[in-house]
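Quick one, structure for this:
(one chain, ligands or ions: 1)
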Amino acid sequence: MNPDKNPEIKENVQSVRGMHDFLPEESADLIEIEQAARDVFSQFGYKEIRTPLVESLSLFERALGQTTDIVEKEMFVIKDQGDRLLCLRPEGTAGVVRAFLEHHLDQKMPLVKLFYIGPMFRAERPQAGRFRQFIQMGAEYFGNNSPFADAETINLAFALFEKMGMQSIEIQINNLGCENCRPKYQKELLNFLKKHENELCNDCQRRMIKNPFRALDCKTDGEKLQGAPKSLELLCDSCSAHHQRVVHFLEIMKVPYKIVPTLVRGLDYYTGTVFEIYPSGKTGSQDALAAGGRYDNLVQDLGGPATPAVGFAIGVERVLNFVSQNKPAVNEKAIFLALLGKNAEDIGVSIRQQLLNKDFRVGTAPDRSLKSQMRLADSLGVRFCVIIGDNEINENVMMLKDMKNKSQKKVPINELILTLEKEMGQQS
Ligand code: HAM
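Alright, predicted model coming up:
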């Protein structure tokens, strides 16, 4: 078809609203963060699990709760050829619990500690820090109901942020109580909400009776309800003792925390300890870097044996946003090899190989002029540039240029690696 006659063909194809590309530079940051996270997960005894991006719709309806924002309005639902209702996973916990049950992981693993890194999908209104496809890295720990497991899980989240270079965070914690004490809290909260009914948004007015927690977590109403009853004041003895123990362990682990008695979560499966992590000084709903807590009834609610569990998930794009803002401009282990002429290329090939073997990242573009190669080295953010031309070859040296302070010196060819490692303070 002639594209001139069909305006649709001429239009540029755009990415889907709320979904974004990871261009090479962002991908490099992403890989770095994932690698750092994998190290910490493994240190804490977690093994990776990968579940499908598509699950049955009913899994999330049952796990997350019918009155949650996600189930009510944010699911990407698909009908397959057999008219079965499926959906793109909006979060990771439900799928991991499904896999835990389907594969009887409690019988196969001595300790069921699982982590995942992958995309999630929510049809939310896109804005800064809120996407329709976003990456979560999450951890789920099954079979341990002690407060130590709660503290260890929060400790893991803290360790991940430390390793990713984000020290300036605020960990908020609360306890929502159990089947025994939560109904009392829900009742008091409902009474409070009824008194403020006129100030609530339509969604909260409608959902208030079924689930008063939603109002505290609501993106519009949450802020207005600071005077609401506090769950911690209404906990039963057992939940109160559990909470005290969690806090006690966090103190010993030197994990900073802040108790926020109005903190609830936007998903229904939580019981007992809940927590959210924010960048220091920013607590808007699209600022949360991570969130989690206990969900002691979920395995049973999805048809399994009574199994306590605790976990959390980190929003990777939100972390990347901070990490890329605070990234050092110069890449210390990167070298640019500026080669001038055929002889230099011949020598350069073997030097490049030696540098790669020593884990340096090496950039080259011998087809360009010296000026253009230097400009490229600058824009790649390398710390050192190694220049080889006919003059250097005749003297059996190379010119080593420090791109930070612009000084340069001659280095004998066979001493290059040693000199670089010395200069970079990482002689091996
Ligand atoms: P969540 O609070 O819904 O919890 O999400 C966890 C984190 O994912 C948030 O704190 C945020 O950083 C990130 N996130 C959520 N929605 C978006 C979005 N639209 N765009 C960008 N980032 C987003 C859960 O998903 C639970 N499954 C966490 C959990 C695991 N609880 C126990 N185990």
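
Show me what the helix or strand hosting residue 106 is packed up against.
Using DSSP states H and E, residue 106 maps to helix 105-108. Packing partners of helix 105-108 (3 or more CB pairs under 8 Å, 6 or more residues apart in numbering; DSSP states H and E): strand 112-121. All C-beta atoms are positioned from the backbone trio N, CA, C, and that covers glycine.

Name the residues of whatever helix or strand comes next after the strand it packs on that are buried.
Next along the chain after strand 112-121, taking DSSP H and E as the criterion, comes strand 133-142. By neighbour count on 16 or more other CB atoms under 10 Å, the buried set for strand 133-142 is 133, 134, 135, 136, 137, 138, 139, 140, 141, 142.

average pLDDT across strand 133-142?
Strand 133-142 shows a mean pLDDT of 98.

And the contacts of the helix holding residue 106?
Residues outside helix 105-108 that contact it (CB atoms under 8 Å, 6 or more residues apart in numbering): 99, 100, 112, 114, 142, 143, 305, 307.

which of the residues you listed has the most neighbours?
Counting neighbours by other CB atoms under 10 Å, the top entry in the contacts of helix 105-108 is residue 100, with 26 neighbours.

Please report how far that one lies from residue 307.
Residue 100 is 8 Å from residue 307, where distance means CB to CB, to the nearest Å.

now the angle from the helix ranked longest in the chain to strand 133-142?
Ranked by residue count under DSSP state H, the longest helix found in the chain is helix 24-43. Interaxial angle of helix 24-43 relative to strand 133-142 (axes from the mean of the first three to the mean of the last three CA atoms, to 10 degrees): 0 degrees.

Tell me the helices and strands packed up against helix 24-43.
Going by 3+ CB pairs under 8 Å, 6+ apart, helix 24-43 lies up against strand 112-121, strand 133-142, helix 147-163, helix 316-325.

now do 7 Å
Helices and strands touching helix 24-43, by 3 or more CB pairs under 7 Å, 6 or more residues apart in numbering; DSSP states H and E, are strand 112-121, helix 147-163, helix 316-325.

Would you mind giving these as JSON lines with mean pLDDT added?
As requested, the helices and strands packed on helix 24-43 are arranged in JSON lines below (pLDDT from 0 to 100):
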{"stretch": "strand 112-121", "mean pLDDT": "98"}
{"stretch": "helix 147-163", "mean pLDDT": "97"}
{"stretch": "helix 316-325", "mean pLDDT": "87"}
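
With distance to residue 225 added, can I get these in a markdown table?
Conversion of these to a markdown table gives the following (distance: least, CB to CB, whole Å):
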| stretch | distance to residue 225 |
| --- | --- |
| strand 112-121 | 27 |
| helix 147-163 | 25 |
| helix 316-325 | 24 |
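
for the ones you listed, which one sits closest to the ligand?
Across the helices and strands packed on helix 24-43, the ligand has its closest neighbour in helix 316-325 (4.8 Å, CB to the nearest ligand atom).

ok and the very next helix or strand once past the closest one relative to helix 24-43, angle-wise?
Once helix 316-325 ends, the next helix or strand along the chain (criterion: DSSP H and E) is strand 331-339. Counting by the same axes, to 10 degrees, strand 331-339 lies at 140 degrees to helix 24-43.

which residues do residue 100 and residue 307 both contact?
Common neighbours of residue 100 and residue 307 (criterion: CB atoms under 7 Å, 6 or more residues apart in numbering): 142, 299.

Next, count neighbours for the residue nearest to residue 222 when sequence neighbours are not counted.
Spatial nearest neighbour of residue 222, chain neighbours left out: residue 216 (5.9 Å); criterion: CB to CB, 6 or more residues apart in numbering. For residue 216, the count of nearby residues is 22 (other CB under 10 Å).

Residue 216 touches residue 229, doesn't it?
No: contact between residue 216 and residue 229 fails when scored by CB atoms under 7 Å: they sit 10.0 Å apart.

Now do the end-to-end distance for stretch 66-83.
End-to-end distance for stretch 66-83, by CA to CA, to the nearest Å: 21 Å.

Around the ligand, which positions in this protein sit nearby?
Contacts of the chain with the ligand, taken as CB under 6 Å from any ligand atom, map to 91-93, 122, 124, 130-131, 134, 136, 138, 140, 266, 288-293, 295, 311-313, 315, 317-318.

Distance-wise, check the residue of the chain found nearest the ligand relative to residue 225.
Closest to the ligand within the chain is residue 315: 2.2 Å, counting by CB to the nearest ligand atom. In this structure, residue 315 and residue 225 are 24 Å apart, going by CB to CB.

Kindly report the same for residue 242.
25 Å.

So between residue 315 and residue 225, which is more surrounded?
Comparing residue 315 with residue 225 by neighbour count (other CB under 10 Å), the higher total belongs to residue 315, at 23 against 20.

And the contacts of stretch 109-128?
Stretch 109-128 has contacts (CB under 7 Å, 6+ apart) with 17-18, 34, 37, 41, 45-51, 53, 70, 74-76, 88-92, 96, 100, 105-106, 130, 132-143, 286.
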